[in-house]
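In: structure for this input, please:
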Amino acid sequence: MKKIASLLLWIFIVLSFPTIGQTFIESDTFGNCETFENGLPASWQATDGGSLEISNKRYKQGTHALMWNWSNNSKITVTDPQLGQASINKNSGLKQWLYNETAIDDSIRFVFYDASNRVRCAFYYKLNFTGWRGLWVRFWDDIAVSGKQKLLTRMEVCAPQTVTSGQVYFDIVEFASSVSYKRSPSYQYVHPYPYNADEEVKDEWAGWIYKNRYPQATLPLPSEVSSDQQEVLSTITTRFEEWLLGTETYAANAHYQARLQARDAYISYGVQLFNQLDVAKDENGIITGPPLFTNKSSHRPNFGRDIGEKLCLQLALDYRVNNNASSKEKLLLLFDYMHDQGWAEGSAMETLDHQKLRTAAWVYSVYLLKDDLKLIPWKNGQSLLDREMATLHWLSYFNILFAPLKDTLEVSVDDFRSNTIFRLIYILMMDNTDPAKVQYMNHYTQWLNRNLRTFEGWTGGLKPDGMGYHHRGPYMNAYSNNGVHCMTQVLYFLRHTPYDANAEAKENIKKYLLNYRLISQYYDVPKGVSGRISGLDKATSMISPMAYM
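Out: Predicted coordinates for the structure are as follows:
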């Protein structure tokens, strides 16, 4: 069963990747943005000290960015005509990318004025980061512009007050007539959420919400991890790695050979494609390469679709399966490049909307390189593994596991099919002797049992009649079946251990699968329970979950 599941997984992966002709070219979507490629704009001036210059040392788009050498009380004054034109629209705001070389415990302040020199709105942006950060902010909703009938005519950026001098880079600055409501918070900037009643289901807010609402684990922390507990954790890890990499047990089987051929083609594709990326690190540690953006950004290429899905896992497998050391070095460079571009703990990268669905290949690649990453120092006594795990913790909004049972949370089968396995991988990468690993596994099991209950009404999740809901209705050919598929994989890894799901959770999964058998007409799912996506040929996707159970 395990080998059949692996065969299906790898055939799906190989059929999903495009031809080798794909290249990493930045999109032609920056026409309304100030990208500082044509020199210092006349509308940008340094005042009260400090200086502005165009630099090719750091840049997000093109080959240049604006470097602000700031000192106490210095400012940037911006009088771009687009500011006034944009500010009259209700959804208007500021879009920009910033690069910081040295993290400090202070902020820069953005202040907006009208023609009467009156302050209409303002916000602070923390400089507690290194690398690139993307920001979307709405004037009306986020920073409470007052006197909406008055045009904004000037923006000032004010230097930090507690540090005497420093540098910040700006790129892709746009005063936009419309900023998506799906903008994300970050550790640098959090604005008031305008739709409090709906916040749990918003991908773009989940990391910040659960990090702040449930800051730490609450189940008992053991004083030590016993040898029996360590053996259980090792058993789960072995099951996961055998599922991911195979065991060669059926190496002579024709189906297994087909799986290996598909995997080798997948690896070869990514290794060859890496040469088109044109990413490099110089002797000073400065990394250059195409600009990267998240899934719902209007710009390309993407962190997920273009880098994660086409390069990360392929290089990781080439190293782990084929012992190709050069692929390991390429992947290490890729991790540093992604981190420098903004793929980091607490980073909004403009918007995290739907980003989790494009994160899987990066997560698996980090896991496959975990032993090597643990040996490479990063900063402040941490390793590269610590850095990547912190990023995974943020992107998977891991702290939702710590929610007490008394709290009512929205159930999402989208979360089932993505973050369920990501969070388990995070825990598996922890050291088996770390008591927090046992504590987190207990939280994980509690979360499984909580979410695999049946739920009444229109909410998502499993229903008493064996149906699965998403988007406030039955969705048996997508979302819920994908989510149940991932849940059965997790139950397979945890089976017959102290971290196994309870009998009620397993019975509800069983009811779902048996109901799937009843509602399916041969290979098809009826349109009446298919949501907006056709149910043709979708029933075959449930063969593997039945095998896992």
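In: helices of the stretch 201-350 of the chain, start to end?
Out: Read by DSSP state H, counting those that start in this stretch, the stretch 201-350 of the chain holds these helices, from start to end of the chain: 203-213, 227-245, 254-274, 313-322, 325-341.
In: distance from the chain centre to the helix or strand that contains residue 491, please.
Out: Per DSSP states H and E, residue 491 falls inside helix 480-494. On the basis of C-alpha atoms, centre = their mean, to the nearest Å, the separation between the geometric centre of helix 480-494 and that of its chain is 21 Å.
In: then stretch 516-523?
Out: Using C-alpha atoms, centre = their mean, the distance from the centre of stretch 516-523 to the centre of the chain it belongs to is 34 Å.
In: go on, stretch 386-402?
Out: Averaged over its C-alpha atoms, stretch 386-402 has a centre that lies 10 Å from its chain's centre (C-alpha atoms, centre = their mean).
In: dump that stretch to PDB, restricted to CA.
Out: The C-alpha atoms that make up stretch 386-402 are tabulated as PDB, following Å, rounded to 0.1, in the frame of the first residue of the first chain:
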ATOM      1  CA  ASP A 386      16.400  27.300  13.300                       C
ATOM      2  CA  ARG A 387      15.900  30.100  10.700                       C
ATOM      3  CA  GLU A 388      13.900  27.900   8.300                       C
ATOM      4  CA  MET A 389      11.900  26.300  11.100                       C
ATOM      5  CA  ALA A 390      11.000  29.800  12.400                       C
ATOM      6  CA  THR A 391       9.800  30.700   8.800                       C
ATOM      7  CA  LEU A 392       7.700  27.400   8.700                       C
ATOM      8  CA  HIS A 393       6.300  28.200  12.100                       C
ATOM      9  CA  TRP A 394       5.100  31.600  10.800                       C
ATOM     10  CA  LEU A 395       3.800  30.500   7.500                       C
ATOM     11  CA  SER A 396       1.900  27.500   8.900                       C
ATOM     12  CA  TYR A 397       0.500  29.600  11.700                       C
ATOM     13  CA  PHE A 398       1.600  26.800  14.000                       C
ATOM     14  CA  ASN A 399       0.200  28.400  17.200                       C
ATOM     15  CA  ILE A 400      -3.300  27.500  16.300                       C
ATOM     16  CA  LEU A 401      -2.400  24.200  17.800                       C
ATOM     17  CA  PHE A 402      -2.300  25.900  21.200                       C
END
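In: low-confidence regions, the stretch 351-500 of the chain specifically.
Out: For the stretch 351-500 of the chain, applying pLDDT under 70 flags no range at all.
In: so where do the strands sit in it?
Out: With strands called from DSSP state E, counting those that start in this stretch, the stretch 351-500 of the chain shows them at 461-462, 468-470, 473-474.
In: so which residue is dead centre in this protein?
Out: For the chain, the residue lying nearest the average C-alpha position, counting by C-alpha atoms, centre = their mean, turns out to be residue 395 (4.2 Å).
In: so what's the closest residue to that one other than its chain neighbours up against?
Out: What sits nearest to residue 395 in space, not counting adjacent residues and going by C-beta to C-beta, 6 or more residues apart in numbering, is residue 359, at 5.8 Å. Where C-beta positions appear, they are placed from N, C-alpha and C, glycine not excepted. By C-beta atoms under 8 Å, 6 or more residues apart in numbering, the residues touching residue 359 are 304, 308, 395, 396, 418, 422.
In: still on that earlier bit, tell me what the helix holding residue 491 is packed against?
Out: Counting by 3 or more C-beta pairs under 8 Å, 6 or more residues apart in numbering; DSSP states H and E, the packing neighbours recorded for helix 480-494 are helix 227-245, helix 413-416, helix 419-428, helix 435-451, strand 468-470, helix 503-519, helix 543-548.
In: contact partners of it?
Out: Helix 480-494 has contacts (C-beta under 8 Å, 6+ apart) with 236, 239-240, 243, 413-418, 420-421, 424, 445, 448, 452, 462, 467-470, 474, 500-501, 505-506, 509, 512-513, 516, 538, 541-542, 544-545, 548-549.
In: show me the contacts for residue 174.
Out: With contact set as C-beta under 8 Å, 6+ apart, residue 174 has these partners: 32, 33, 34, 82, 94, 95, 96.
In: can you name the residues bridging to the nearest residue to the second one once chain neighbours are set aside?
Out: Right, residue 33. The spatially closest residue to residue 33, leaving aside those adjacent along the chain, is residue 174, at 4.4 Å (C-beta to C-beta, 6+ apart). When bridges are called by DSSP bridges, residue 174 pairs up with residue 95.
In: can you tell me how far residue 174 is from residue 85?
Out: Here residue 174 is placed at a distance of 12 Å from residue 85 (C-beta to C-beta, to the nearest Å).
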